[in-house]
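*Asks:* Next comes the sequence, and after it the predicted model I'd like to discuss.
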Amino acid sequence: MAFAAQRPWIQNATLRDNILCGHSMDRKRYDQVISACALEPDIALLPAGDLTEIGERGVTLSGGQKQRVNMARAIYSNAEMVLLDDPLSSLDVHVGGHVFESGIMGLLRECNRTVVLVTNQLQYLQHADVVIVIEEGEITHRGPYNSLSVKNQWWSRQFILPMDRSTDINNIEEERALLQKQINLKRGSKHANGKEGPDAGVSSGGENFSVGERQLFCLARAFLRRSRILIMDEATASIDTETGNKLHELLTTAFADRTVITIAHRVDSILESDRIVVMSKGKVVEFDTPNNLLDDKDGVFSSLVLASERGQTTL
């Protein structure tokens, strides 16, 4: 079995060695994997190509690059079963769509390999043979994609985006109450110190919590500090749609008078921003209001939104 973890495992070795991981080199298959994982442009920028040494834990690579190297290793392997734990969360809609179509649906499915994909991105569910919905550690639905319906409470909640901005937060106690209501941390489960809920112990690096839960911890800490400037770097990438919607509502109310800088690949999470900066290969390619960027039908941001909408409308 091959496993691509939610937190990419990267060796202090060359990029090529990280992908081969002890397997012999099959140039044709290797090139197919590099292309499927959209690593060609990244390799072209590295000083020694795929023979470039990657620092400890991949410090010389971005989060998206590490995730794609992680994916490439799993795809290149000969394992009959491939477990992918939310591997597309750090990728933008174009790159994520390419990796899904060429890597997962292409190199993996076309070779009749069993793929278990853990994801919060609903646009990929329609391609699954079986969809398993897990809520609070329990399976609440199991069946083919077309068995999901509006009668399913979890499915219905994924498409409701709270937009009520009438909440008026007058003091820190009200904000704390709203935060407790909006961010649903693990309930009823014991952790490192044997305690439950907010008193549960957190082990070194937060290893006893999922990546999504750790993101919620970081967000809660940032929210409660009441800083004038809040910077969120892919802060909701590993969070499910329902929780992401609640966080969106919190930001538009509790932080209406604050400066919020959001770094994100999910375009739906930044559509209500005052200004949007679009970057490509380390350079600013677009900067304007969301409406002006959307009016440019040939623009980069407009194409990202269109690709995202196409993915959602297929649901």
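*Replies:* All right, it came through fine.
*Asks:* so what pLDDT did residue 183 get?
*Replies:* As summarised for this prediction, residue 183 has a pLDDT of 48.
*Asks:* likewise the one 10 residues further on?
*Replies:* Model confidence at residue 193, given as pLDDT, is 52.
*Asks:* Was I right to think residue 278 contacts residue 302?
*Replies:* No: assessed by C-beta atoms under 8 Å, residue 278 is found out of contact with residue 302, at 9.8 Å. Quick note: C-beta positions are derived from backbone N, CA and C, even for glycine.
*Asks:* Common neighbours of the two, please.
*Replies:* The overlap between the contact sets of residue 278 and residue 302 (C-beta atoms under 8 Å, 6 or more residues apart in numbering) consists of residue 293.
*Asks:* mind listing the helices in the stretch 101-250 of the chain by residue range?
*Replies:* In the stretch 101-250 of the chain, the helices defined using DSSP state H, counting those that start in this stretch lie at 153-157, 172-182, 211-225, 241-254.
*Asks:* what's the least confident stretch among those helices?
*Replies:* For the helices of the stretch 101-250 of the chain, the weakest mean pLDDT is recorded on helix 172-182, namely a mean of 50.
*Asks:* show me the residues around residue 244 that make contact.
*Replies:* 236, 266, 269.
*Asks:* Can you tell me which of those residues is closest to residue 26?
*Replies:* Checking the contacts of residue 244 against residue 26 with C-beta to C-beta, the nearest one is residue 266 at 35.4 Å.
*Asks:* Check the gap between that closest one and residue 232 for me.
*Replies:* Plainly put, residue 266 is 11 Å away from residue 232 if you go by C-beta to C-beta, to the nearest Å.
*Asks:* the more surrounded of the two?
*Replies:* residue 266 (21 against 18; other C-beta atoms under 10 Å).
*Asks:* isn't that one right next to residue 236, touching?
*Replies:* Yes: counting by C-beta under 8 Å, residue 236 is a contact partner of residue 266 at 7.0 Å.
*Asks:* what ranges do the strands span in this protein?
*Replies:* For the chain, the strands defined by DSSP state E occupy 2-4, 81-85, 114-118, 131-135, 138-143, 229-233, 259-263, 276-280, 283-288.
*Asks:* In a markdown table: the ones you listed, plus distance to residue 47 and mean pLDDT.
*Replies:* As requested, those are exported to a markdown table (distance: least, C-beta to C-beta, whole Å; pLDDT from 0 to 100):
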| stretch | distance to residue 47 | mean pLDDT |
| --- | --- | --- |
| strand 2-4 | 26 | 90 |
| strand 81-85 | 30 | 92 |
| strand 114-118 | 34 | 92 |
| strand 131-135 | 43 | 85 |
| strand 138-143 | 48 | 85 |
| strand 229-233 | 26 | 83 |
| strand 259-263 | 26 | 86 |
| strand 276-280 | 21 | 89 |
| strand 283-288 | 19 | 90 |
